[in-house]
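Asker: Build me a model:
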Amino acid sequence: MSGVRVLVGTSKGAFVLTADGRRQDWEVSGPLFGGWEVYHMAGSAVDPDRLYASQSGGWFGQVIQRSDDGGVTWDAVDNDFSYEGETGTHPWYDGSPRPWKFTRVWHLLPSVDDPDTVLAGVEDAALFRTTDGGASWSELPGLRTHASASSWAPGAGGLCLHTIKPRPDDPDSMLVAISAAGVLATDDGGATWEPANAGLRSEFMAEPEAEVGHCVHKLARHPSRPDVVFMQKHWDVMRSDDGGMSWREISGDLPTDFGFAIDVHAHEPDTVYVVPITSDEQHYVADGRLRVYRSRSGGDEWEPLTEGLPQSDCYVNVLRDAMAVDAMDPCGVYVGTTGGQVYVSPDGGDHWGPIVRDLPRVLSVEVQTLP
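Answerer: The predicted structure follows:
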């Protein structure tokens, strides 16, 4: 029976959770890199033993770690993320100009074809790539030098490129999401980019429907239907049916349309999951109840999924990278919380249970399906 490996990044280290295909009995390994923030971990789709981790700390800076044995041992690889050319400035929180400055890696995306090729989304917002397993990194400068980049301002978590969504049928075509610039699209492998925010409206902006400046929290896209893209925005759940060129709201009957995480069922491209939270000021689930919401109609209608999740006195959040799905049948859904719990539903959301409790604050959750 095949199994799963769940990669959990937290504010004080990383954890690796493994189980067979039933996803009932779990082995917990960690903490790895204890005491460090691990913003994201990712595994190769073609080599299950190849893992990457973004290890970050205020004192020692950014470290990229690589494992070639499924997380048993790790080696630090190159951590030189240098912007190309003249960097210029972007607005800081108070509107003053700030030079572009590399701070950390927010998101790692290994290639589906080559375990040595990885894209990295960083803060201040830029896109980097390695083709040698992390031994060296180079910027794809067309994004950060886009004409609009000098107006990109940080969201509450920084000016971070946190989501990378290539088209599975055309890897040169991809969407990225930046807080707080919005979505940008490329069709030529990152040489040139265009804003992809038509239909978004953000009341906090001086021009609510401006081409850039929107605080997009996460994107989700099913590989079998890449023209359909789902978005959790700073207020509003959105859908695009043309690859991100235009968007429409699908918040519908959700109790609140604010949240961070969004994902799509592995085998059902119309089945979408979100975790609504109270508001942009109150970053915890509404009414003290942890409810994952599921739409089986592509966002037209939503239903709360509660069985096995705490339904009273619960005030946790689920961050943008802390929801994932596996490729098993039935599909498993995973959420990690800021309270340190990681929950799994091995049946697409109908029933939930904790894999582990009392970890540090969960920053990210990713899943590998193992042979």
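Asker: got a list of contacts for the helix or strand residue 120 falls within?
Answerer: Per DSSP states H and E, residue 120 falls inside strand 118-123. Strand 118-123 has contacts (Cβ atoms under 8 Å, 6 or more residues apart in numbering) with 42, 52, 54, 64, 81, 102-111, 127-130, 133-134, 137, 158-164, 176. All C-beta atoms are positioned from the backbone trio N, CA, C, and that covers glycine.
Asker: which SS class is residue 150?
Answerer: helix (DSSP: H, G, I helix; E, B strand; the rest coil).
Asker: what's the neighbour count on it?
Answerer: Residues lying near residue 150 (other Cβ atoms under 10 Å) number 14.
Asker: likewise residue 249?
Answerer: For residue 249, the count of nearby residues is 17 (other Cβ under 10 Å).
Asker: what's the answer for residue 269, then?
Answerer: With other Cβ under 10 Å as criterion, residue 269 counts 17.
Asker: Specify the beta-bridge partners of residue 127.
Answerer: residue 121 (DSSP bridges).
Asker: Pretty sure residue 110 sits against residue 52.
Answerer: Yes: when contacts are counted by Cβ atoms under 8 Å, residue 110 is listed as touching residue 52 (6.6 Å).
Asker: Of the two, give the one with the bigger neighbour count.
Answerer: residue 52 (26 against 22).
Asker: Is the more buried one inside a helix or a strand, and which specific one?
Answerer: Going by DSSP H and E, residue 52 is in strand 51-57.
Asker: I'd like the average pLDDT over that strand.
Answerer: When pLDDT is averaged over strand 51-57, the result is 95.
Asker: again with stretch 324-340
Answerer: pLDDT averaged over stretch 324-340 gives 97.
Asker: give the contact list for residue 52.
Answerer: Residue 52 touches 41, 42, 43, 64, 65, 66, 67, 108, 110, 118, 134, counting by Cβ under 8 Å, 6+ apart.
Asker: ditto for residue 169
Answerer: Counted by Cβ under 8 Å, 6+ apart, residue 169 has contacts residue 226.
Asker: same thing with residue 217?
Answerer: Counting by Cβ under 8 Å, 6+ apart, residue 217 has contacts 177, 179, 231, 232, 233, 234, 259, 260, 261, 262, 320.
Asker: May I have the predicted confidence score for the residue nearest to residue 294 when sequence neighbours are not counted?
Answerer: Leaving out its chain neighbours, the residue that sits closest to residue 294 by Cβ to Cβ, 6 or more residues apart in numbering is residue 349, at 5.0 Å. Per-residue confidence (pLDDT) for residue 349: 98.
Asker: ok, residue 349 to residue 21 distance?
Answerer: 18 Å (Cβ to Cβ, to the nearest Å).
Asker: More neighbours: which of those two?
Answerer: residue 349 (25 against 16).
Asker: Let me see the contact set for that one.
Answerer: Residue 349 makes contact with 273, 292, 294, 305, 333 under the criterion Cβ under 8 Å, 6+ apart.
Asker: part of a strand, is it?
Answerer: No: with three-state DSSP as the criterion, residue 349 is coil rather than part of a strand.
Asker: Please tell me how far it sits from residue 236.
Answerer: 22 Å.
Asker: what helix or strand is the residue lying closest to residue 353 once chain neighbours are set aside on?
Answerer: What sits nearest to residue 353 in space, not counting adjacent residues and going by Cβ to Cβ, 6+ apart, is residue 308, at 5.0 Å. Using DSSP H and E, residue 308 maps to neither a helix nor a strand.
Asker: pretty sure residue 308 is touching residue 352, no?
Answerer: Yes: with contact defined as Cβ under 8 Å, residue 308 counts as touching residue 352 (3.5 Å).
Asker: in stretch 281-301, what counts as buried?
Answerer: 283-286, 289-296, 298-299 (16 or more other Cβ atoms under 10 Å).
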